[in-house]
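[1] no sequence on this one, just coordinates:
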């Protein structure tokens, strides 16, 4: 695509974003069909089609086969917003991710204690129970754990925090893997403290519980980093 055609597609893409914002559309809301958009924006259907394709690549829109085009739940966030694919998943990256979470999540939990609705608190409480059950059954709980942290973040009532959620989600499963899942029982306890502090409208307690939860895992990462490489090799040789 060249010159004026590319500029027109970009302009129409901006118009679609403006349409979403002006109509206060939320993730999951359906856009008018291609024909209606073309008439509304006074351009050809092929231009609308290219503009929608551009917005799909930016995770602003998603297309469901046979259903239509919707505002994406990814809210324009790239699949790998932190570039972890190229950074790798080593101990240092895990530690640095945990440091970022320690900057963000204690305050997020404190905000949630002030702003969360009763429905949001019930949802995170149910998710806390689901994580605990998976841990006790010796099942993979990484995804469920990340979802609990997502619910806490969403309950903060801060729209920018929603954009930061991928940082949290990226770190949870990596931390479990790096630490050899040694702290699963501690996770049960701290998750309970966090959720109950939020339920009790205790921001200081929620902040303290989140700091302790993340610090426990961070310490596990640091211990691994200090461990001589030969110990890891001997451990792997035993399996």
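    Perfect, I can see it now. Model, not experiment: these values are computed from the prediction. Numbers count the residues shown, from 1 in each chain.

[2] which residues sit in contact with residue 187?
    Counting by CB atoms under 8 Å, 6 or more residues apart in numbering, residue 187 touches 131, 135, 145, 213. All C-beta atoms are positioned from the backbone trio N, CA, C, and that covers glycine.

[3] how about the strands in the protein?
    With DSSP state E as the criterion, the chain has strands at 61-64, 68-71.

[4] Let's have those strands in CSV, adding mean pLDDT.
    Listed next are the strands of the chain as CSV, based on pLDDT from 0 to 100:
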stretch, mean pLDDT
strand 61-64, 92
strand 68-71, 94
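
[5] Could you dump the ones you listed into CSV with distance to residue 161 and mean neighbour count added?
    Converted to CSV, those look like this (distance: least, CB to CB, whole Å; neighbours: other CB atoms under 10 Å):
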stretch, distance to residue 161, mean neighbour count
strand 61-64, 22, 16
strand 68-71, 19, 17
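
[6] what's the closest of these to residue 181?
    Ranking the strands of the chain by proximity to residue 181 (CB to CB) places strand 61-64 first, at 33.5 Å.

[7] so what secondary structure elements neighbour that closest one?
    Using 3 or more CB pairs under 8 Å, 6 or more residues apart in numbering; DSSP states H and E, the elements in contact with strand 61-64 are helix 45-57, strand 68-71.

[8] Can you get me a residue count around the residue nearest to residue 143 when sequence neighbours are not counted?
    Nearest non-adjacent residue to residue 143, counting by CB to CB, 6 or more residues apart in numbering: residue 173, 7.3 Å away. Close neighbours of residue 173, defined as other CB atoms under 10 Å, add up to 16.

[9] Distance of residue 173 relative to residue 208?
    25 Å (CB to CB, to the nearest Å).

[10] pLDDT weak spots in this protein?
    Scanning the chain for pLDDT under 70 picks out 1-5, 78-89, 180, 227-239.

[11] contacting residues for the residue nearest to residue 33 when sequence neighbours are not counted?
    Once flanking residues are discounted, residue 33 sits nearest to residue 68: 6.3 Å by CB to CB, 6+ apart. Listed by CB under 8 Å, 6+ apart, the contact set of residue 68 reads 30-31, 33.
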